[in-house]
Structure formats: C-alpha cells, structure tokens
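Asks: quick check, what structure comes out for this input:
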Amino acid sequence: MKILQVITSLCTGGAETLVVNLVPRLRAMGNDVDVCVFNGVETPLMARLRKENPGIRIWKLGHGYYSPLYILKLVRIMRRYDIVHTHNSSPQLFVAAASLLCSVGLCTTEHNTSNRKRRWKWYAPIESWMYSQYSYIICISKIAEDKLREYMGGKWMDGQSPYYHRISTINNGVDVGKIYNAQPDAELLRKKGHRSAIVMVAGFREQKDQDTLVRAMALLDSQQYELWLVGVGTRQQEVEALARQTGVSDRVRFLGLRMDVPNVLRAGDIIVMSSHWEGLSLSNIEGMAAGKPFIASDVNGLREVTKDYGLLFPEGDAGTLAKEIQQLSDDPAYYQSVADRCYQRAREYDIKETAEKYYKTYTKLMNRHLKS
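Replies: The predicted model follows:
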C-alpha cells in the first residue's frame, strides 16, 4: 500500500511522535509510507524521521497551518497514494476538502478529548461534514472516542447511523523496551547529586499544567528535590516567572526540547504529568515505561491509563501532589511497588501492537476503497 501521513508539523507533541514511531514499522511491513507537513520547518523529529527511513519523501506545504492554497497542493500530492491518514484539525479539514477532487481512501486519528473548536457552536456542522468524508475515525483512547461521540451528538450515538461504524479506538503506543533499557543521562545524574529529580515531559501550552508541579516543589524540601521540565512552548516564560515567584527557580531545570527523552526519564526518580486534559498522553506511557513511579492529574486521558497502576492527584492540587511525592521518597518498598505496576501497565501500550492495528485498518480501508 502507498500511505501518506498528513500532520500540521513535526515539532514536539504526541501526534508528531506517533507519526514518527509508526512510519518505520509500517514500512517494515512492506508499505510505501511518506509524510506531508503543513508547516515545513526543520525539526529534530523530522531529522529523526529521515534517519530512520532512508528514501522517505517529506512533502512540505508551507510555513503555516491554515492556508486555503494547501487544498490544491494536497490534491496533487494525494493522487499518488492509496490511503491518506490525517492528524490534527487543519489537516483533517483540508484533506477532507481535497478528497472531493481526487479518489483516495481516508482515515484520521483524533488525538484529544477536547479542543477549542468544540466550544464554537457554529463550527460543529463543518466538523460533522468533515468527519463524514472519512472511512475510519480512530481515537487514541476510549475516553477520546466517548468524548467525540458526545460532541457530535445523536448522529454518532444511535446504532442506526451510517457513521457509527466508522469510529473506533486504537491506543497510542511507545517503544517500551527502548525506554526501559535506555542508559540514564550521565550529566543529569551528576548535576542532581543527592537530590531526587521529579520529571515532567510536555510542551508549555494551554492543556499542560506545569504550574501545579512548580507550586508543589515549593512545598517540598529544597535539599531533597529538584524538578526537570522537558519541552518548549508559548507558556514557558510564565512558568519560569512562577518558579521565581515561589522561590524554587534554583532547583527547577528547564531542559528544553530533548531527543533523548528515555535517557532523561531513566535519570529521574519520579515522573509526573500535570495536565488539564489529554487524549491519551504518550508522555504518560513513556513515563510508566521508564520503570519509575508515575503520578498524573486525575483528568480524562490520564486517568484511564494511570488508575490502579500509578498515582492520581486532583487537577491543580499542589498540596496532594507534594504529599504523594514525599510518600514515595519516604517508603522504598512503596516506591518500588508503584514503579513495577507502572512498567507492567506500559507494556500494554507497546508501539508494535499499535502499528499492527493501524495496518489492519489500512487493509480494510484499501479493500473498501477498491470496491467503491
């Protein structure tokens, strides 16, 4: 099969990581797989994609996300492929429009339980039309699927709808073995010294809540803990300012964009994901795969993976988060039992299984497209 993955960019993020992880595995199954990015800026993930996939073609449409000209560009590109698989809202919409001018099998992945467009009532009919153009809508978690059905209303909920069979769940996955067996970053180990390192890997954007973790640090012993924040984004300066205001800036390391996240996780001691909402966070699964205790906000997209394995704290509750961290440090047996449970849970979300499920979906889509 000739498959095109279409995404907004290859900057850091869960959707971007999924694409980069999927491509080599789908190619290993004998498929021709290329990638199309709306914003063609060069990034470390793009470099990794090229390195791991010799001969791959990366189509670059421009330097933004919403140019209507992309529709015409997409038509010319999409005609070369059997299947087009979209990620993120602007590729979903523009590819749906382009498909009116070319014949190709379409599927899309829904990566979140919510987004700002779902608050725009006037936009719902546009999304309804958009989703109707796709043969398969894949959600990255069951809660993401439930929220999509709820948002789209009765048309998606009644069993008689022609669209009902098109929506399903394929859980996101990571390379669990690669993460668990990674060597801890030696420089970070040296810098932290005797202190325990709390790690959060996430972009500094609206849905993430590094703020609560910074406030929790202010409640913990300054000689015992430090915080590593991995990622970049528009809210980083706000979080840096908060660290100064709460008096913890001397023990908060802003590590920026890292391509060696497994090595960072393995050098840390406790992994945290503080967020307002998620689809199914890859950082959640990566943190569990590191063989360290994982603590997450009790919100959609984190709860279903973490509950009964890692630890949950109420969204925005810095006090409870600090207590959970302290308890892990004070009780080595408890620390190890949580870490072991987290690792076993992560093994249920291995990228190999994710890739195989997508391949089966593509095969069904290919057969359906050939019959139409």
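
Asks: confidence score at residue 327?
Replies: If you check residue 327, the pLDDT there is 98.

Asks: surely it touches residue 334?
Replies: Yes. Between residue 327 and residue 334 there is a contact at 6.6 Å, judged by C-beta atoms under 8 Å. Bear in mind the C-beta positions are built from the backbone N, C-alpha and C, glycine included.

Asks: give me the element the residue nearest to residue 93 when sequence neighbours are not counted is part of.
Replies: Nearest non-adjacent residue to residue 93, counting by C-beta to C-beta, 6 or more residues apart in numbering: residue 130, 5.3 Å away. Using DSSP states H and E, the element containing residue 130 is helix 124-132.

Asks: show me the contact partners of that helix.
Replies: Residues outside helix 124-132 that contact it (C-beta atoms under 8 Å, 6 or more residues apart in numbering) are 92-93, 96, 108, 117-118, 137, 151-152, 155, 163, 166.

Asks: neighbour-wise, give me the winner out of those.
Replies: Ranked by neighbour count (other C-beta atoms under 10 Å), those have residue 108 at the top, with 26 neighbours.

Asks: what residues does whatever helix or strand that one lives in touch?
Replies: For residue 108, the element it lies in under DSSP H and E is strand 105-110. Contacts to strand 105-110, defined as C-beta under 8 Å, 6+ apart, come from residues 15, 18, 82-87, 92, 95-96, 99, 131, 133-140, 144-145, 148, 170, 279, 361-362, 365-366, 368-369.

Asks: give the contact list for residue 8.
Replies: If you count contacts by C-beta under 8 Å, 6+ apart, residue 8 has them with 15, 37-39, 65, 87-88, 90-91.

Asks: from those, which is closest to residue 267?
Replies: For residue 267, the nearest member of the contacts of residue 8 is residue 15. The distance, counting by C-beta to C-beta, is 26.3 Å.

Asks: count of neighbours near the closest one?
Replies: 23.

Asks: same check on residue 256?
Replies: Residue 256 has 11 neighbours, counted by other C-beta under 10 Å.

Asks: again, but for residue 184
Replies: 15.

Asks: these two touch, right, it and residue 260?
Replies: No. Applying C-beta under 8 Å as the test, residue 184 and residue 260 come out as separate, 10.5 Å apart.

Asks: residues contacting the residue nearest to residue 239 when sequence neighbours are not counted?
Replies: What sits nearest to residue 239 in space, not counting adjacent residues and going by C-beta to C-beta, 6+ apart, is residue 210, at 4.8 Å. Neighbouring residues of residue 210 by C-beta under 8 Å, 6+ apart: 200, 202, 204, 229, 235, 239, 274.

Asks: quick check: the gap between the second one and residue 166.
Replies: Going back to what we said before, that points to residue 202. Counting by C-beta to C-beta, to the nearest Å, the gap from residue 202 to residue 166 is 31 Å.

Asks: follow-up on the earlier one: out of the contacts of residue 8, who's the most crowded?
Replies: Ranked by the number of neighbours (other C-beta under 10 Å), the contacts of residue 8 place residue 91 first, at 26 neighbours.

Asks: which stretches of the chain have low pLDDT?
Replies: 154-165, 279, 370-372 (pLDDT under 70).

Asks: next structured bit after the lengthiest strand in it?
Replies: Secondary structure assigned by DSSP state E gives strand 32-39 as the longest strand of the chain. As assigned by DSSP H and E, the chain's next helix or strand after strand 32-39 is helix 44-52.

Asks: now tell me what touches that following helix from outside.
Replies: Residues outside helix 44-52 that contact it (C-beta under 8 Å, 6+ apart): 10-12, 16-17, 19-20, 23-24, 35, 37, 56, 58, 257, 259.

Asks: residue contacts, the closest residue to residue 251 other than its chain neighbours?
Replies: Spatial nearest neighbour of residue 251, chain neighbours left out: residue 226 (4.1 Å); criterion: C-beta to C-beta, 6+ apart. By C-beta under 8 Å, 6+ apart, residue 226 lies in contact with 192, 195-198, 217, 251-253.

Asks: which residue ranges of the stretch 101-250 of the chain form helices?
Replies: Assigned helices in the stretch 101-250 of the chain, in chain order: 124-132, 142-152, 154-157, 176-180, 186-192, 210-217, 236-245 (criterion: DSSP state H, counting those that start in this stretch).

Asks: for residue 183, grab the count of nearby residues.
Replies: 10.

Asks: quick check: residue 230 touching residue 256?
Replies: Yes. Contact criterion C-beta under 8 Å: residue 230 and residue 256 qualify, at 7.5 Å.
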